[in-house]
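*Asks:* Fold the stuff below for me.
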Amino acid sequence: MSNTAVRYLTMLRMVPRFPKSITTTELAERLEDHGFSVTMRSIQRDLEKLSTDFPLLVDENKRPFQWSFDREAAMDIIPALDLPAALTFELARAYLSPMLPPRALSHLKPHFDEAHRTLLREKNPLGQWPSRVRVINRGLGGQRPGINADVLETVTEALLREYQCKLTYQARNWPQPEDIVVHPFGLIFRDPNVYLIGTIEGREGIRQLVLHRATTGELVEELVERPDDFDLDLYIRSGAMGILRSDEPVFLRLRCDKPVLNHLIESPLGFDQLTHDIDDNTFEILVTVGDTQDLRWWLTAQAMHCDILEPEWLRQDIEETLEQGLKRTKAH
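*Replies:* Predicted structure coming up:
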């Protein structure tokens, strides 16, 4: 392949989809980083030539000109999707559609559409999978809160570029919305909410900001101040995403009924879980977990199939909760 053809392909990969755009100046700088020394005038001529064969858009009202790909354009310059890749995109659409706002999904729409066309063309049995696979979230299935698309785009860009961001945010216990500067560390999707994990400028501690409570977002092009020892996985394992009742972990010993709770063997409650059979009908679990409200909700719900052997204080807490619930039921 000629050097010019390689430059054309490199340039096309740098052009974003509308409404985002890139200027000829920015293209010249990025091409220089890739070893292509070319003038802005040459880049302009190249783009004009490429626009006859590719769905490129140009805004000539600004100087330098700003270029983008048509939002609906199929990306024919990438390899054609094979069947497994097409199936992956189709299932990703099924899973992500309820989670993300329409504008965020629109960036992936051309890929989703191409995947759907690929599956329709194929007579292979894999092509029938999308009609035979569904994603069902556990729980009552309440409607997810809507997230402002501008906020989501701002937050994701800030995370990728390791920049701060400014949000207009209304916490549940705040009397009114406030403008805050956030140092973002990560995003956690925990049905039905999306949480931004980070710190707030001028305030102590790592916070969990529920994204649907933010109404505006703006990128602040200053680097995030992030603790060197922060790890998103360790943060989750600490129990921080539950409502912590205490900072002390709980050593839990349970006696569980088969087959109702057999799934705990395949999906452990913690990374150090140990399991052994008692008899044909019961098994025992030993595991260290966070002392969270979620733990209590789960133990209360499983009271018919699970005995809390240790710790004694937690067993008493669950017994009191069940007794109070029974009294309320009898009262009506």
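*Asks:* Kindly provide the distance from the residue nearest in space to the middle of the chain to Asn262.
*Replies:* In the chain, the centroid-proximal residue (Cα atoms, centre = their mean) is Phe189; its distance is 4.9 Å. From Phe189 over to Asn262 the distance is 27 Å, taken as Cβ to Cβ, to the nearest Å. Glycine gets a C-beta too; all of them are placed from N, C-alpha and C.
*Asks:* just Thr216 next, same as before
*Replies:* Thr216 is 48 Å from Asn262, where distance means Cβ to Cβ.
*Asks:* Leu56 now?
*Replies:* In this view, Leu56 and Asn262 are 56 Å apart by Cβ to Cβ.
*Asks:* who's more crowded, the two?
*Replies:* Neighbour count, other Cβ atoms under 10 Å: between Leu56 and Asn262, Leu56 has more, with 18 against 12.
*Asks:* Spit out the contact partners of the more buried one.
*Replies:* The neighbours of Leu56, taking Cβ atoms under 8 Å, 6 or more residues apart in numbering as the test, are Val15, Leu47, Leu50, Trp67, Ser68, Phe69, Asp70.
*Asks:* cool, Thr199 as well?
*Replies:* By Cβ under 8 Å, 6+ apart, the residues touching Thr199 are Val182, His183, Phe185, Gly205, Ile206, Arg207, Glu225.
*Asks:* In what element of secondary structure is it found?
*Replies:* Secondary structure from DSSP states H and E places Thr199 in strand 193-200.
*Asks:* just Leu209 next, same as before
*Replies:* Assigned by DSSP H and E, Leu209 falls within strand 207-210.
*Asks:* next helix or strand past that strand?
*Replies:* Following strand 207-210 in sequence order, the next helix or strand is strand 214-223 (DSSP H and E).
*Asks:* Buried residues in that following strand, which are they?
*Replies:* For strand 214-223, the buried set under the neighbour-count rule, 16 or more other Cβ atoms under 10 Å, comprises Ala214, Gly217, Val220.
*Asks:* Could you do stretch 256-274 as well?
*Replies:* Cys256, Leu261, Leu264, Gly270, Gln273.
*Asks:* taking these one by one, which sit in helices?
*Replies:* If you go by DSSP state H, the buried residues of stretch 256-274 have Leu264 in helices.
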